[in-house]
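could you work out the structure for the sequence below:
(chains A and B, ligands or ions: 2)
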Amino acid sequence: MTGELATLLLCDGRLPVGAYTYSAGLEPAVAAGLTRDQVPGLLRARLRTVSVTEAAAAVLALRAGLRDPVDHAPVQAALAARTPTAPLREASAALGRGVHRLARRLAADHPAVAALEHAAVPGTAPARPLRPIVTGALAAALGVGEAALARTVLYDDLQTVTSAALKLLPGDPLDAVAWILACEPQLEAAVAESRAVTSADSLPARSAPLTEQWALEHPHNERRLFLA
Amino acid sequence: MPDSPLLPSDAHASSAHSAHTSSPQSTHAHGAHPPTRRALRVGVAGPVGTGKSSILATLCGQLADSLAMAVVTNDIYTDEDARFLRSAGVLPTDRIHAVETGACPHTAIRDDISANLDAVEDLEAAHGPLDVVLVESGGDNLTATFSPALVDAQIFCLDVAGGGDVARKGGPGIRGADLLVVNKTDLAPYVGVDVTRMVADARGARDERPVLALSKNDPDSVAELADWLRDTLARHRAGTLVPRDPGPMAPHSHPHPRP
Ligand SMILES: Nc1nc2c(ncn2[C@@H]2O[C@H](COP(=O)(O)OP(=O)(O)OP(=O)(O)O)[C@@H](O)[C@H]2O)c(=O)[nH]1
Ligand SMILES: [Mg+2]
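Ligands and ions are numbered 1, 2, ... in the order given. As a prediction, this is how the structure comes out:
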């Protein structure tokens, strides 16, 4: 298994893991007044903050998943600590649940996947593994490499924002493709930064305060379409 | 078991078996499920405003005293359906979950059912064991049906106010759902629809599958709806209910001119 086909699957929006219910912060941002011309700025801001944090956590989970024995708890704890608001931790756990269901179906017996049952620290919220941990574990089971995994996590975040933008800030869908491609330098820098992280302790702690604040307001929005 | 025209031909025989005394697999042609205690999951789909939430409220009102029930709603925009059902007072409010569908209600019940599976599993974990979980789809078009991986049986709901012709238009829900409801029959005189004709059209599109003319104001039809659910639950428990996909759009049959 070279992991190349698996890499394509992991970053395909058609993967049935529930990701279409998530706007990667766009809907809360729009509710707070973000306009269409600000979307490219939001994409770059996410690459430098929440996304690089998640990509680095996924890479750490991939490495953990290839060790014997597998222990996902340190990365889970480090990422939860770097996701300060409860709605975003819950959204990440809910999205992770969809990927976990897929991982059980594809590779339940792989040690990286089996160890997900013990990733969450007992007695602390969320009670389920956060999505980057699950994605990293699945990558370990499917033979996806570190760079491909980091790029997948980062790309998925960009695609999530732009496809939600088609619903929330409608415009030419081709614009959205161009916005993503224009992010390539920042995306590749984030890939490199993710791979350079060597331990859970040194996981970047780059939450974006406005993203966190908007996420806290989102559950009170009675006309919301997306989870977060 | 009441002798109801809604029951499929094999229902009487199979529901007479109890889960403990028979091996329905041996008599059933296409890979029946083993007897199970997992809750029966029933989907209710159909166009906007045809009365899906009202059917859920009616079923809970009729059966929640005798069965452990819970509800999942899929709203396009809000948690309006969940709030309607909570305010109807037919179930404790924490047994009603709403899922966000990212403006893709069709996807949420068919192509990617993750969010709905999560909701069903959460309800079973919090309130289980449950007998029945009802899942309401977001009001969609005639092509929206549930994946058999999400529900064990599904109701497709039309109403007379949408016009007497809708049943004839077909589509997977009308043709293949386990039960087709022609709802709000009490309104028929006001909208100039001949219910008998509409039901006959629907039967014509559905082979032997049942059609129910329903009004929440007509107790006899409400009792038939409740009987259908009880019978479906009995078949689920006996292991003879095979979730079947209503499938893609019906192939249309008019001749295409050859070049
Ligand atoms: N007269 C009459 N009205 C009904 C009946 N069933 C439902 N209604 C009314 O039809 C309207 C829509 O009913 P709902 O149950 O909300 O329909 P729905 O399919 O859940 O609607 P969406 O979720 O918005 O797609 C409400 O005003 C109901 O009171 C019926 O049997 N007779
Ligand atoms: Mg409704």
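
which ones are touching B:H106?
B:H106 sits next to B:G138, B:D140, B:T143, B:A144 when contact means C-beta atoms under 8 Å, 6 or more residues apart in numbering or on different chains. Any C-beta I mention is one placed from the backbone N, CA and C, and that applies to glycine too.

tell me the SS of A:A56?
With DSSP: H, G, I helix; E, B strand; the rest coil as the basis, the three-state label of A:A56 is helix.

tell me the spacing between whichever residue of the stretch 151-259 of chain B sits closest to ligand 2 and ligand 1.
Closest to ligand 2 within the stretch 151-259 of chain B is B:C157: 9.7 Å, counting by C-beta to the ion. Separation of B:C157 from ligand 1 (C-beta to the nearest ligand atom, to the nearest Å) stands at 6 Å.

give me the element B:R38 is part of.
For B:R38, there is no enclosing helix or strand under DSSP states H and E.

now it: closest residue in space, sequence neighbours ignored.
Nearest non-adjacent residue to B:R38, counting by C-beta to C-beta, 6 or more residues apart in numbering or on different chains: B:E124, 7.6 Å away.

what is the burial count for that neighbour?
Applying other C-beta atoms under 10 Å in any protein chain shown, we find 17 residues neighbouring B:E124.

check contacts around it.
Contacts of B:E124 (C-beta under 8 Å, 6+ apart): B:R38, B:A39, B:A70, B:L130, B:V133.

for the residue in the stretch 101-250 of chain B positioned nearest to ligand 1, give me the pLDDT.
Proximity of the stretch 101-250 of chain B to ligand 1 (C-beta to the nearest ligand atom) peaks at B:G139, 2.5 Å away. pLDDT for B:G139: 75.

how much space separates it from chain A?
According to C-beta to the nearest C-beta, to the nearest Å, B:G139 stands 15 Å off from chain A.

tell me who's in contact with that residue.
B:G139 sits next to B:G46, B:P47, B:V48, B:G49, B:T50, B:K52, B:I76, B:P105 when contact means C-beta under 8 Å, 6+ apart.

make it 6 Å
B:P47, B:V48 (C-beta atoms under 6 Å, 6 or more residues apart in numbering or on different chains).

can you confirm the residue nearest to B:R38 is in a helix?
Yes. Under three-state DSSP, B:E124 falls within a helix.

what count of nearby residues applies to the residue nearest to B:D165 when sequence neighbours are not counted?
The shortest distance from B:D165 to any residue other than its chain neighbours is 8.0 Å, reached at B:D201 (C-beta to C-beta, 6+ apart). Residues near B:D201, counting by other C-beta under 10 Å, number 21.

what about the spatially closest residue to B:L67 that is not a sequence neighbour, how many residues nearby?
Leaving aside its sequence neighbours, B:L67 sits nearest to B:D131 (C-beta to C-beta, 6+ apart; 4.1 Å). Look at B:D131: counted by other C-beta under 10 Å, it has 20 neighbours.

sorry, back to before: what about the residue nearest to B:D165, which SS state?
With three-state DSSP as the basis, the three-state label of B:D201 is helix.

my guess is it meets B:G170, correct?
No. B:D201 is beyond contact range of B:G170, at 9.7 Å (criterion: C-beta atoms under 6 Å).

enumerate the residues of the stretch 1-150 of chain B near ligand 1.
Residues of the stretch 1-150 of chain B lying close to ligand 1 (C-beta under 6 Å from any ligand atom) are B:V48, B:G49, B:T50, B:G51, B:K52, B:S53, B:S54, B:D81, B:G139.

and which of those residues is nearest to B:Q62?
Taking C-beta to C-beta as the measure, B:Q62 sits nearest to B:S54 out of these, at 12.3 Å.

check what pLDDT the closest one gets.
97.

got the contact list for the host helix or strand of it?
Here B:S54, judged by DSSP H and E, is contained in helix B:52-63. Residues from elsewhere that reach helix B:52-63 (C-beta under 6 Å, 6+ apart): B:44, B:46, B:69, B:71, B:81, B:84-85, B:88, B:90-91, B:134, B:136, B:157, B:216, B:222, B:226, B:229.
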